[in-house]
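# Prediction below, plus the sequence it came from.
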Amino acid sequence: MHKAFRRMILFTALLVALSGSSYAQESKNINVKFAKGKTSRTYSDAVARSVNTYYLRAKRGQTLIVKISSDGDVARFHIGKVRPGNRNENAIKFIDDGDLTTYTDKIDTDDEIAIPVGAIRGGTSYKLTITIK
């Protein structure tokens, strides 16, 4: 896992533990599902001292496109492959180079993809669009 993102996750966990429920937001795991005949989905949500992780299945040869926008331009994501049967954050093998706002690449193997979303400072609302073609 990239050092900056690992620090963000550890810092987030520490803040959640110390701040109590009035300021902390629960991390979420979201299974991405596309409407019949659709290849794209937009999620609107927020992160505040938490990480929301989106999971989807992708097949070899498909193109994955992910974009995020947020208040103050502070929301970022990573792209990772999930080890079979294990969805905890330590099981994600990251395939990107850092905190992203856009990503486009062809999938090289049939995989479950994880897209953890967090904020580089504070909390923020965001819109995340995931497209698979």
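Happy to help now that I have it.
# Name the nearest residue to the residue positioned nearest the centre of the chain, sequence neighbours excluded.
The residue lying closest to the centre of the chain (C-alpha atoms, centre = their mean) is Pro116, at 2.1 Å. In space, and not counting its chain neighbours, Pro116 is closest to Thr53: 4.5 Å by C-beta to C-beta, 6 or more residues apart in numbering. All C-beta atoms are positioned from the backbone trio N, CA, C, and that covers glycine.
# and stretch 122-133, what's its mean pLDDT?
For stretch 122-133, mean pLDDT is 94.
# list the buried ones in it?
For stretch 122-133, a neighbour-count test (16 or more other C-beta atoms under 10 Å) marks Gly123, Thr124, Tyr126, Leu128, Ile130, Thr131, Ile132 as buried.
# Locate the third one within the secondary structure: which element?
Looking back up the chat, that one is Tyr126. In this assignment (DSSP states H and E), Tyr126 forms part of strand 123-132.
# partner strands of that strand, parallel or antiparallel?
Next to strand 123-132 in the sheet, as set by DSSP bridges, lie strand 40-48 (antiparallel), strand 63-70 (antiparallel).
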